[in-house]
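below are the sequence and a predicted model; questions follow.
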Amino acid sequence: MKRLERNALIVGVVGAVACIIGALVYPAEHFLRSYLLAFVFWLNLSLGCLAILMLAHVTGAEWAFPIRRVMEAAGRNVVWMALLFVPVLAGISKLYPWAHPGALQADKLLQLQHVYLNVPGFIVRSVLYFAVWTALAWTLSRWSWLQDSPPDRTYGRRFQNFAGAGLVIYGWTMTFASIDWLMSLDNHWRSTIYGFYIMAGQGLNGFAFLIIAGVLLWRYRPLSQVMTNTHLHDMSKLMFAFLILWAYQAFSQGLIYWAGNMPAEISWYIHRTTGGWWWIGLSLIILQFFVPFFLLLSQNLKRDPHKIIWIAAFMMLMRWVDLYWLIIPNFPDTRGRLVFSWMNIAAMAGVGGLWLFLFLRNLRARPLIPLHDPMLLRVLEAHEHAN
């Protein structure tokens, strides 16, 4: 694992250096777009795993036990993502139209929105979001560590109550964060289900990552002693469920605006269905939904680690494509024509390399299996029967 850490760090540093060069050579807004895309993708992965962790605690899900420490490690990365958010804060005036100099005087709608869409409020809310998410992630991780030694069986109810409240708080904060960081890239467009759409994507991305991590760790002890095909099947079914939820949110949002046919609202879709963007949207329909939908109908495939890991990896790739489709067409010079910059790859490598390095360090810091959790005995018994 140390070798993987080192390689991830190297990739992160090389990507970061490439981003710095790009920011110096090209207009700053081009770098900031690519950076925002990469930042949101990797933050969504942390928050998706954190939300799944809380869901697992609330439901007492046995499928989550072998990968609980994976979810905790990914969730704790949110504190480092707060530091990586600094370039976005520094580039507010270049990313968001409502923060451009003179925008308030020129935009009558913004004059009404200014109570909410203003730079001080944006910064304060962003700090609050990260503070809340960090508190949720570290509290659940700390209790999990305390459960290891000495054994204390009272944590089950504590986990359940805290995670239940945490899911509500996560839903509220993520809704407003998606409005601030993504939807306000076009302050003339709004959607009442946009936050749910983003959260559905986070859950889909989180389960895809957990399947990949679970399959890779399954080859080694101690996961090889507790994880079974049943656990993999359950995770794959939940990834399938979030795929349907994501598609439902996307279709519902599009249907509402198509039926309304209001110029101020439908323009958001026009920017994403003209020029080369049409092909990106079509790929999301076919490759992000229909292809994996029909593949995941197979029970045997969902239980096969050698096949499901490739589907999960493909789902993560398409999650990036979806975010690309959501973010990049908001900028005037990209509307009506598909653009792609090498800085998109550099930013993904820079932020992703650092994210993976920190995730692997988190994962290595504690035992991979909760040592004294009451569920451990049931999982071991199930593993024996499966073999």
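Arrived safely.

got phi/psi on His372?
phi -120, psi 20 (degrees, to the nearest 10).

number of nearby residues for it?
By other CB atoms under 10 Å, 14 other residues sit near His372. Placement of C-beta: from N, CA and C, glycine included.

so it versus Ser149, what's the distance?
For His372, the distance to Ser149 (CB to CB, to the nearest Å) stands at 7 Å.

same thing with Gly276?
57 Å.

repeat that for Leu297.
According to CB to CB, Leu297 stands 44 Å off from Ser149.

residue furthest from the geometric center of this protein?
Within the chain, Gln105 marks the point farthest from the mean C-alpha position, 35.7 Å out by CA atoms, centre = their mean.

please identify the helix or strand for that one.
Secondary structure assignment for Gln105, by DSSP states H and E: helix 103-106.

helices or strands next to that helix in the packing?
Using 3 or more CB pairs under 8 Å, 6 or more residues apart in numbering; DSSP states H and E as the contact test, the elements touching helix 103-106 are helix 108-113.

now for the helix it packs on, which elements pack on it?
Secondary-structure packing of helix 108-113 (3+ CB pairs under 8 Å, 6+ apart): helix 103-106.

go through the helix it packs on and flag the buried ones.
Within helix 103-106, the residues that count as buried by 16 or more other CB atoms under 10 Å are Ala103, Leu104.

so which residues make contact with that helix?
With contact meaning CB atoms under 8 Å, 6 or more residues apart in numbering, helix 103-106 is reached by Pro97, Trp98, Leu110, Gln111, His114.

which among these end up buried?
Buried among those (16+ other CB under 10 Å): Pro97, Trp98, Leu110.

now do the same for the first one: its pLDDT.
The reference is to Pro97. Here, the pLDDT recorded for Pro97 equals 93.

ok, it - contacts?
Pro97 sits next to Ala103, Asp107, Leu185, Asp186, Asn187 when contact means CB under 8 Å, 6+ apart.

for it, grab phi and psi.
Main-chain torsions, Pro97, degrees, to the nearest 10: phi -60, psi -30.

quick one: the nearest residue to Arg125 once chain neighbours are set aside from Ile345, how far?
Spatially, and ignoring its direct neighbours in sequence, Arg125 is nearest to Asp180 (6.0 Å; CB to CB, 6 or more residues apart in numbering). Shown here: Asp180 relative to Ile345, a distance of 26 Å by CB to CB.

same thing with Gln202?
Note on Gln202: its distance to Ile345, by CB to CB, is 22 Å.

more neighbours, the two?
Neighbour count, other CB under 10 Å: between Gln202 and Ile345, Gln202 has more, with 27 against 14.

ranges for the strands of the protein?
Counting by DSSP state E, the chain forms no strands at all.

which one is the residue nearest in space to the middle of the chain nearest to, not counting chain neighbours?
Centroid check for the chain by CA atoms, centre = their mean gives Asn44 as the closest residue, at 1.8 Å. The shortest distance from Asn44 to any non-neighbouring residue, by CB to CB, 6+ apart, is to Gln202 (4.6 Å).

any idea how far stretch 263-276 is from the middle of the chain?
Once both centres are worked out by CA atoms, centre = their mean, to the nearest Å, stretch 263-276 turns out to sit 25 Å from its chain's centre.

buried residues, that stretch. List them.
Across stretch 263-276, burial judged by 16+ other CB under 10 Å covers Glu265, Ile266, Trp268, Tyr269, His271, Arg272, Thr273, Gly275.

list just the nearest of those to Met318.
Arg272 (15.6 Å; CB to CB).

contact partners for the closest one?
Applying CB under 8 Å, 6+ apart, we find Arg272 in contact with Ile280, Gly281, Trp325, Pro329.

follow-up on the earlier one: what about the residue nearest to Arg125, how many residues nearby?
Residues within reach of Asp180, counting by other CB under 10 Å, total 19.

what does the model give it for pLDDT?
Looking at Asp180, its pLDDT reads 96.

distance of it relative to Leu128?
Distance of Asp180 to Leu128, computed by CB to CB: 11 Å.

measure how buried the residue nearest to Ala250 when sequence neighbours are not counted is and give me the count.
The shortest distance from Ala250 to any non-neighbouring residue, by CB to CB, 6+ apart, is to Tyr197 (6.4 Å). Using other CB under 10 Å, Tyr197 has 22 other residues around it.

residues contacting Tyr197?
Contact analysis of Tyr197 by CB under 8 Å, 6+ apart lists Ser191, Trp246, Gln249, Ala250, Gln253.

low-confidence ranges in the stretch 251-387 of the chain?
381-387 (pLDDT under 70).

can you pull out the helices in it?
Using DSSP state H, counting those that start in this stretch, the helices of the stretch 251-387 of the chain run over residues 263-270, 277-283, 291-295, 299-302, 305-327, 342-365, 375-386.

buried stuff in the shortest one?
Read that as helix 299-302. For helix 299-302, by 16+ other CB under 10 Å, it's Lys302.

got the contact list for that helix?
Leu232, His233, Ser236, Lys237, Phe240, Leu295, Leu296, Lys307, Ile308, Ile311.

by neighbour count, which of those residues wins?
Ser236 (27 neighbours).

and the gap between the spatially closest residue to that residue that is not a sequence neighbour and Ala264?
Nearest non-adjacent residue to Ser236, counting by CB to CB, 6+ apart: Lys302, 3.6 Å away. Lys302 sits 43 Å away from Ala264, going by CB to CB.

helices along the stretch 1-150 of the chain, start to end?
Ranges of helices in the stretch 1-150 of the chain, per DSSP H, counting those that start in this stretch, are 2-25, 28-59, 68-76, 78-84, 86-90, 92-95, 103-106, 108-113, 119-148.
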